[in-house]
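> Structure for this input, please:
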Amino acid sequence: SEPGIETALRYALTEGFGISPTSAELSEFMGPPLAEVLPRVYGMVDPADHSKFFELYCEKYFHGTESEFGVYSGMRELIADLQAACAELDADASVRVVVLAGRGKHFSAGADLNWMKRASAFSEEENRADARRFADMLRVLSGLSKPTIARIQGAALGGGTGLAAACDMAVASTDALFATSEVKFGIIPAVISPYVLRAIGSRQALRYFQSGERFSARRAYEIGLVNEVCERDDLDATLALMIEPLIAGAPQAQQAAKDLIAAIDGRPIDAAVSEETAQRIARQRASAEARDGIAAFLDKRPPSWLL
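Residues are numbered from 1 along each chain as shown. Presented below is the predicted three-dimensional model:
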């Protein structure tokens, strides 16, 4: 890689996020040239768990042998691939749980420096189009009809924090670091804000959106960004414990439960909300899935979605 890129990356990690990588760690973090890496967005975890797993291949962006346009194209490609993977997984009835994870030491260290440099020269319209692509992908991820879990290790900074928040649940290793660090670069965490606000609330967002400071996995747990914290070696075991009860739930009821939360959260408890909740439970009780689930409980047999 080119020394200039390595120096810039080291400065950004050290000054922006307080990370002081060794030369060997930096080399690993920067990864191979883009041309040597094909996107690998998703793949099976364990068919017996009815879950699928797709990976952010973040390290392919940190290199010094490609043009800025190559890096920018790679970022656009990753966003497009991730959105396509979400759509494919959502349409696959055999998939019960979707897990979002990052390959290597880090979940997602945020935007690449070369991409940020290129974006700073965009016109306002070009910036809008670029932001819309990321916003559309996050909305698709957040709107999946089945449970989603972020599996987080190492850095989950900027957009990485947003990806974690866009999932329904998150498990993080004790060494995970989070930040809405955009203000350190003179920008704001606008596109990820609906998801981070949903997770941590406006009071915590007022602190972290303005300070850009890093916070630990334990702190992320305290403010509601992650649901579980464990040692890195225990991530998959903890993930399995989260997936097991999700598999036991009825898939259509889970989708209806997600829709219920989206429809009711933040609204005043008034006659309109009471009526809507009554309508929703009435529809659900009349569904074939509910009839099967209640009959299975009374007959002491597994429901159809577990066969």
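> Every contact and neighbour count from this point should use C-alpha atoms.
Will do.
> would you put the C-alpha positions of whichever helix or strand residue 218 is part of in CSV?
Here residue 218, judged by DSSP states H and E, is contained in helix 217-222. What follows is helix 217-222, C-alpha atoms only, in CSV (Å, rounded to 0.1, in the frame of the first residue of the first chain):
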residue,chain,number,x,y,z
ALA,A,217,-19.7,-2.4,24.7
ARG,A,218,-20.7,-2.2,28.3
ARG,A,219,-21.8,1.4,27.9
ALA,A,220,-23.7,0.4,24.7
TYR,A,221,-25.5,-2.1,26.7
GLU,A,222,-26.4,0.4,29.4
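> Could you list the low-pLDDT ranges of the stretch 1-150 of the chain?
1-75, 110-116, 119 (pLDDT under 70).
> Swap in 90 and give it another go.
1-86, 88-89, 92-95, 101-131 (pLDDT under 90).
> Okay, buried residues for the helix holding residue 218 please.
Within helix 217-222, the residues scored as buried using 16 or more other C-alpha atoms under 10 Å are 217-218, 220-221.
> want to throw those into CSV with distance to residue 174 and pLDDT?
Putting those into CSV (distance: C-alpha to C-alpha, whole Å; pLDDT from 0 to 100) gives the following:
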residue, distance to residue 174, pLDDT
217, 6, 97
218, 7, 97
220, 10, 98
221, 10, 98
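> Please work out which residues outside stretch 300-307 touch it.
247-248, 250-251, 292-293, 296-297 (C-alpha atoms under 8 Å, 6 or more residues apart in numbering).
> Of those, keep whichever come out buried.
Buried among the contacts of stretch 300-307 by 16+ other C-alpha under 10 Å: 247, 250-251, 292-293.
> of all the residues you listed, which two lie farthest apart?
247 and 292 (16.1 Å; C-alpha to C-alpha).
> all helices for this structure, in order.
3-11, 17, 23-30, 68-91, 113-120, 124-142, 159-166, 193-211, 217-222, 235-248, 251-264, 271-285, 288-299 (DSSP state H).
> what about these, which gets the closest to residue 107?
helix 159-166 (7.0 Å).
> could you give the mean pLDDT of that closest one?
What helix 159-166 shows for mean pLDDT is 94.
> What's the local residue count around residue 252?
Neighbour count for residue 252, taken as other C-alpha atoms under 10 Å: 17.
> where in the stretch 201-307 of the chain is pLDDT low?
Using pLDDT under 90, the flagged stretches of the stretch 201-307 of the chain are 244, 306-307.
> circling back: what helices and strands are in contact with the helix holding residue 218?
Identification of packing neighbours for helix 217-222 by 3 or more C-alpha pairs under 8 Å, 6 or more residues apart in numbering; DSSP states H and E yields strand 177-179, strand 228-230.
> For the last one, which strands pair with it and how are they oriented?
Based on DSSP bridges, the strands next to strand 228-230 in the sheet, each with its direction, are strand 169-173 (parallel).
> what's the answer for the first one, then?
As defined by DSSP bridges, the strand partners of strand 177-179 come to strand 155-157 (parallel), strand 215-216 (antiparallel).
> Can you lay out those as JSON lines showing distance to residue 234?
Putting the strands paired with strand 177-179 into JSON lines (distance: least, C-alpha to C-alpha, whole Å) gives the following:
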{"stretch": "strand 155-157", "distance to residue 234": "17"}
{"stretch": "strand 215-216", "distance to residue 234": "17"}
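> Great, nothing more from me.
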